[in-house]
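Peer 1: Sharing a model that was predicted from the sequence below.
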Protein chains: 2
Amino acid sequence: MTDPTAALVVVGNEVLSAKVQDENGPWAARRLRALGVRLVAVRVVADRVEDIAAAVREERQRASWVFTSGGVGPTHDDVTLAAVAAALGRPVVRLAALEAALRALHRRHHGEAELPEAALRMADVPEGSRLLGDPGYPTLAVENVFVLPGPPAFFRRQFDQVAPLLAGPPFRLAAVYLSVGEERFAAELAAVAAAHPEVEMGSYPRFDEGACYRVRVTVESRDAARVEAALGEFLRALPPGWVLRSEGP
Amino acid sequence: MTDPTAALVVVGNEVLSAKVQDENGPWAARRLRALGVRLVAVRVVADRVEDIAAAVREERQRASWVFTSGGVGPTHDDVTLAAVAAALGRPVVRLAALEAALRALHRRHHGEAELPEAALRMADVPEGSRLLGDPGYPTLAVENVFVLPGPPAFFRRQFDQVAPLLAGPPFRLAAVYLSVGEERFAAELAAVAAAHPEVEMGSYPRFDEGACYRVRVTVESRDAARVEAALGEFLRALPPGWVLRSEGP
């Protein structure tokens, strides 16, 4: 069974300095999960070539695919293309198809006015990049890295043009809601988790007054039969009074 | 002028698999900014010793302080303490003060019942850790790493007991709202940014139909006079019709 994985690198001084809250990470997490792609890391990094390059370099060892979000506009703080080139050890070259697309887009909006030369740095990309999605806003693929725009509407639209191609078998999820604290069943849960290493078991306590349960235990795998087996074993290990309800897979 | 920096490592299978949306990252970003601490990275990593340890090891090179969020409960998926120990090359030892606090807390809630042995792994911490904040929920400091609980209410409460100690001089921010696209003023902005390397200049386009401006340019530094100087230079470089308004510092 294939296990496609992905990492997301959010290029975002504005996120780190709390000028805006990142929307692309949570959205991509939901979308990738639904596609059967395991998200293994999200990194928000500053608009600095070294920081972005280090994140891309490290994450593409860990994940089958790396997405970047943001830093692909025409201003001096847009350095993602240079950073991805550095991470891959590729030179930066002008992509003629992208230059033509940018010029055409500018003419459509501004008539005869020429696109300022500075704006053409959006077309200076890692050598070997392929232009994907809508040509007006740079969306590039090079090796296992997808370079996407940062504004959420554009990010989503371009993401949906490439991510479905990476889809894997769906995840199957079951959950148990418990009326007691984690410390009461930690040993039983650890034993079941150890006996089912191919199933992911998570334990998520709630501490807010309004919660109608104390802990949600999740049981997850791409294989429903394995989820059933681990779920049954965990339920049998508990006094029935502790289980409020269970659901799935 | 001191420039205290921080990084946040969110330990979160549940965030990566989209079971919950991380609240601690955005909250910490706002809080640190208000405290004059520069946040240089946020990383969401899986509940795996290797992944957490790599993130802590890398970020504590980059930042003065590293905060971790989550993975400090009593269940098998709580591996942050072991990972921080691995990142620092320190053995894991039982912290007597934390063990006593956990036992006392359990007695208060459950009368005479003994705390299950499995739950005491919460007290197995990197050697040399100091116990901070409320002893009931592990909040530890070791070298330049703060280990905080994941549930947002606990994270915030414990964070506020330590973060103010790291505060630096406040950031001063000015902003210019423009009626034209980034490509029109990218060259002028790049020139001002290059002339003021100690001032951070960011450019944030809006593409949604309802936006009342096209681009927000931010000018930021700990020094208000430097912000004023860069702001004035940028405004003088633009045709007045392009500027909708400016504000700050």
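Peer 2: It's in.
Peer 1: what's the nearest residue to A:Gly70 if we skip its chain neighbours?
Peer 2: Leaving aside its chain neighbours, A:Gly70 sits nearest to A:Gly150 (2.7 Å; criterion: C-beta to C-beta, 6 or more residues apart in numbering or on different chains). To be clear about C-beta, it is placed using only N, CA and C from the backbone, and glycine gets the same treatment.
Peer 1: right, is the strand or helix carrying A:Arg30 up against chain B?
Peer 2: Under DSSP states H and E, the secondary-structure element containing A:Arg30 is helix A:24-34. Yes. Counting by C-beta under 8 Å from any C-beta of the partner chain, chain B has neighbours in helix A:24-34: A:Gly25, A:Pro26, A:Ala29, A:Arg30, A:Leu32, A:Arg33.
Peer 1: give me phi/psi at the residue lying closest to the fifth one once chain neighbours are set aside?
Peer 2: By the measure of C-beta to C-beta, 6+ apart, the closest residue to A:Leu32 outside its immediate chain neighbours is A:Leu39, 4.8 Å from it. The phi/psi pair for A:Leu39 (degrees, to the nearest 10) reads phi -80, psi 120.
Peer 1: Ranking helices and strands of chain A by mean pLDDT, which lands last?
Peer 2: Each helix and strand of chain A was given a mean pLDDT (mean pLDDT, DSSP states H and E); the minimum falls on helix A:96-110 at a mean of 86.
Peer 1: which residues touch it?
Peer 2: Applying C-beta atoms under 8 Å, 6 or more residues apart in numbering or on different chains, the contact partners of helix A:96-110 are A:113-115, A:119-120, A:122-123, A:125, A:131, A:135-136, A:138, B:181, B:183.
Peer 1: could you flag which of those are buried?
Peer 2: A:Leu115, A:Ala119, A:Leu120, A:Met122, A:Ala123, A:Val125, A:Leu131, A:Gly136, A:Pro138, B:Gly181, B:Glu183 (16 or more other C-beta atoms under 10 Å in any protein chain shown).
Peer 1: so what's A:Arg141 scoring on pLDDT?
Peer 2: Wrong residue type there; residue A:141 is Ala, not Arg. With respect to pLDDT, A:Ala141 scores 95.
Peer 1: wait, it sits on A:Pro126?
Peer 2: No. Under the criterion of C-beta atoms under 8 Å, A:Ala141 is not in contact with A:Pro126, lying 10.2 Å apart.
Peer 1: For those two, indicate the residue with more neighbours.
Peer 2: A:Pro126 (24 against 17; other C-beta atoms under 10 Å in any protein chain shown).
Peer 1: OK, contacts around the more buried one?
Peer 2: Contact analysis of A:Pro126 by C-beta under 8 Å, 6+ apart lists A:Leu81, A:Val84, A:Ala85, A:Leu88, A:Arg90, A:Pro91, A:Val92, A:Val93, A:Leu140, A:Val142.
Peer 1: let's see 6 Å
Peer 2: A:Val84, A:Ala85, A:Leu88, A:Arg90, A:Val142 (C-beta atoms under 6 Å, 6 or more residues apart in numbering or on different chains).
Peer 1: for A:Asp3, same thing?
Peer 2: Under the criterion of C-beta under 6 Å, 6+ apart, A:Asp3 has no neighbours.
Peer 1: Mind checking what secondary structure it has?
Peer 2: coil (DSSP: H, G, I helix; E, B strand; the rest coil).
Peer 1: Looking at it now. What's its pLDDT?
Peer 2: Reported pLDDT for A:Asp3: 88.
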